[in-house]
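Provide a 3D model corresponding to the input given below.
(one chain, ligands or ions: 1)
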Amino acid sequence: MDASKSSPVSIDDISATLKTIGLDTVPQQPNTYPALNPFDIYRSHVAELVAQVIGVEASKIYPALQTTTKTDYGDLQLAVPALRIKGKDMKEFTKEIAEKFPDSPLVLPPVVSGIALQFFFKPEPLTSLVMPSVLKSGSAYGWNTNVGLRDPADPAAGRKKIIVEFSSPNIAKPFHAGHLRSTIIGGFIANLHEGAGWDVIRMNYLGDWGKQYGVLAIGFDLYGSEEELVKNPIGHLYDVYVKISKKAAEEADLIKSIKADIVGLQEKGESTAELEARIQKVEAEGVDQAARDYFKRMVDGEQVALGIWKRFRDLSIEKYKQTYARLNIRYDEYSGESQVKDESMDLAAKLMHEKGVSEESDGAVIVDLTKYSKKLGKALVKKKDGTSLYLTRDIGAIFERLEKFKFDRMIYVVASQQDLHLAQLFKIVEAIGRKDLAEKCQHINFGMVMGMSTRKGTAKFLDDILRDVGEKMHEVMRTNEKKYQQVDDPERTADILGISAVMVQDMRGKRINHYTFDMELMTSFEGDTGPYLQYAHARLCSIYRKAVEAVPDVAAVDLTTVDLTLLKEPHAVDLVRQLAAFPDVITTTLKTLEPTTVLMYLFKMAHSSSSSYMHLQVVGQEREVMLARLALYVAARRVLHNGMRLLGLDPLERM
Ligand SMILES: NC(=[NH2+])NCCC[C@H](N)C(=O)O
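The predicted structure follows:
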């Protein structure tokens, strides 16, 4: 987020504007931020007026004032029963409040709709409050950095810390749709908290440990190429892994068939010694045993074994970093299963044992979670041979992270297929007696992606997907040769459009929903797509460019000083109402952690902008009108830009 570069308007600015409207004090209920969120002013104001009418404290009315789903229903709505006043006929009471509601400089007389009151903001004061706020605040508009403060009354107490763990692919395995979704959603959640003033740690927890890394090392010995490894580590290691896995499978098949032969010989009463010896030889020389031995050397900390593995890891990370950069993502920490220390796991094991959480079963250690809830089942935490598991490493990691970062909150962005795994993890932490820690943690899950394939086959790597969608966008761009000529760097633009297409398709629905990866749909400029949002942004940029081309001195005008009372038309008013809602949308999003909350808002706002162009032209208008409209479009562009950045998109100026 670039929120830090600009600073929001001050409460003094707001106070001065309100005075000109006829309000001597800034309406401000506790824990609200009138300088940062126009809706806070209106909610406080309406609450105070309703309080006068019905004699209930404004602070009790405030929370009942809700935003609406459609501007046709007003800007704020009050469901009168939510005030919990007893012994009244609600319909009558609603009418009564409406009748007695005093004249307000900020809102129109309330509209009665059954047992609800609809409040519409008066256009002119709204414009005078919101427009300067957007224009002056710039990249800070929408953000309230007080949210992340430990104590809003005492900024010196510092900021709250959050770990967002996301993406977390497995080395030498495909980067599948689940990792892609985790990357997109996690990046968004990290941006969201950063914008809200939290101290954010972005963490990638790689799958980089286990016997399969022994398999990989053996495979590299047989099939690896130093040159390929350096050139394309992720792809090459995957190829090696596929080859060696095939060999291992063949060996397993061979053993199976020898065993069948042995049974045959036994039936005939003949000697099986020769075949038994063959099995032993295949096993002893086979991949499986070699991988086990190799992994044991890694576990024992043998430098040579670890050295090779570390190279695989380092090269993969380096390559991942480049891909993440295309998605505007960087990490503060590349951790991983390999990084969890034995001591942490031992300590957790000791605690589990002492608290009677774990028990021995057949030489292994398990945790029976059915006593808390049937669906949590029994979880294995130590194998018979003493080695750790995925779950064991997560238990160790949670304590390590607490120790290292002292976080206030931690979010795991992982597919819903792992609901059980994370539920088990949190329950075990709680059972150990660390409910406090479990409560700081949250699993943010998401549904599956269906049919994710590139045009050349099934997608395995993020880069392939991005390249494919980028190429498709390039084709689409070429269909308009004239525009195509004006784009500075078509390759890069196509790349960004492709990435936007993928990301927006991913974030359109609620996280938990499954969706189908649909290349045609996502790359279309029509409908609620990434390219459409980019187009809407580029169009707003072009309005400004064209105005400056037509009237060059416009470039020097400070748009915060223009006559905003000229923005009277319904389209202008509607757009201003949308812009006013942005900070509130972010506040809501901090609760839902749903990218779609932001995205749907941006689409609505972009639609409002585009339906305005016909009615509110800029070039060719009388100067003051031109400037006022230009200010409106610049403000709209700013909000779209801020929203797109939050989602992790790179807003394009031309395309
Ligand atoms: N702390 C965690 N378990 N995070 C999720 C890791 C995801 C895992 N690497 C996978 O690909 O399935």
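
run through who's touching stretch 250-269.
S271, T272, L275, E276, R278, I279, V282, E283, G286, V287, D288 (CB atoms under 8 Å, 6 or more residues apart in numbering). The C-beta positions use only the backbone N, C-alpha and C, and glycine is treated the same way.

apart from its neighbours in sequence, what residue is nearest the fourth one?
This points to E276. Leaving aside its chain neighbours, E276 sits nearest to I262 (6.9 Å; criterion: CB to CB, 6 or more residues apart in numbering).

which stretch of helix or strand covers L437?
helix 435-440 (DSSP states H and E).

can you list the low-confidence ranges for the chain?
Applying pLDDT under 70 to the chain picks out residues 1-5, 453-460.

got the residues of it near the ligand?
E165, S168, N170, Y205, G207, D394, Y412, V414 (CB under 6 Å from any ligand atom).

re earlier: next secondary structure after the helix or strand where the residue nearest to E276 lies?
In the assignment (DSSP H and E), I262 maps to helix 233-268. Downstream of helix 233-268, the first helix or strand assigned by DSSP H and E is helix 273-285.

so who does the closest residue to the ligand within the stretch 551-655 of the chain touch?
Going by CB to the nearest ligand atom, the ligand is nearest to L593 of the stretch 551-655 of the chain, at 16.8 Å. L593 is in contact with I189, L192, I411, I444, R511, counting by CB under 8 Å, 6+ apart.

would you list the phi and psi of D24?
phi -80, psi -30 (degrees, to the nearest 10).

quick check: the closest residue to it other than its chain neighbours vs A35, distance?
Sequence neighbours aside, L18 is the residue nearest to D24 in space, at 7.8 Å (criterion: CB to CB, 6+ apart). Counting by CB to CB, to the nearest Å, the gap between L18 and A35 amounts to 11 Å.

one more: S388?
Taken as CB to CB, the span from S388 to A35 is 52 Å.

next one: K604
25 Å.

neighbour count winner among those two?
Neighbours were counted for K604 and for A35 using other CB atoms under 10 Å; A35 has more, 20 against 16.

regarding that one, what is its secondary structure?
The three-state assignment at A35 reads coil, by DSSP: H, G, I helix; E, B strand; the rest coil.

now the helix or strand K591 falls within: buried residues?
Using DSSP H and E, K591 sits in helix 570-592. Using 16 or more other CB atoms under 10 Å as the test for burial, helix 570-592 gives 571-587, 589-590.

and what of stretch 433-449?
In stretch 433-449, counting by 16+ other CB under 10 Å, buried: 434, 437-438, 440-449.

for those residues, which one is nearest F120?
Of all these, F120 sits closest to I444, with 36.1 Å by CB to CB.

since we're on L652, how many residues are nearby?
Using other CB under 10 Å: L652 sits among 20 other residues.

swap that for A217, sorry
22.

list the contacts of it.
Contacts of A217 by CB under 8 Å, 6+ apart are A291, Y294, A305, I308, W309, F312.

now swap in K375 and tell me
Contacts for K375 (CB under 8 Å, 6+ apart) come out as L420.

against V56, how distant is the residue of the stretch 451-600 of the chain found nearest the ligand?
Ranked by CB to the nearest ligand atom, the top residue of the stretch 451-600 of the chain for proximity to the ligand is L462, at 13.1 Å. Separation of L462 from V56 (CB to CB) stands at 55 Å.

give me the more crowded residue out of the two.
L462 (24 against 15).

hang on, the earlier thing: excluding its backbone neighbours, what's nearest the residue of the stretch 451-600 of the chain closest to the ligand?
Nearest to L462 is F175, by CB to CB, 6+ apart, at 4.6 Å.

how about the residue of the stretch 201-350 of the chain found nearest the ligand, what does it touch?
Nearest residue of the stretch 201-350 of the chain to the ligand: G207, at 3.4 Å (CB to the nearest ligand atom). Going by CB under 8 Å, 6+ apart, G207 touches S168, P169, N170, I171, K173, G336, E337.

what does the nearest residue to the third one once chain neighbours are set aside show for phi and psi?
Across the structure, with CB to CB, 6+ apart as the measure, the residue nearest N170 apart from its sequence neighbours is G207 (3.2 Å). The phi/psi pair for G207 (degrees, to the nearest 10) reads phi -80, psi 100.

which PyMOL command selects the buried ones in the contacts of L593?
In PyMOL syntax, the buried subset of the contacts of L593 is picked out as below (16+ other CB under 10 Å):
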select buried, resi 189+192+411+444+511
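
tabulate the contacts of L593 (JSON lines), appending secondary structure.
Output for those, formatted as JSON lines (three-state DSSP):
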{"residue": "I189", "secondary structure": "helix"}
{"residue": "L192", "secondary structure": "helix"}
{"residue": "I411", "secondary structure": "strand"}
{"residue": "I444", "secondary structure": "strand"}
{"residue": "R511", "secondary structure": "coil"}
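
thanks a lot, see you next time.
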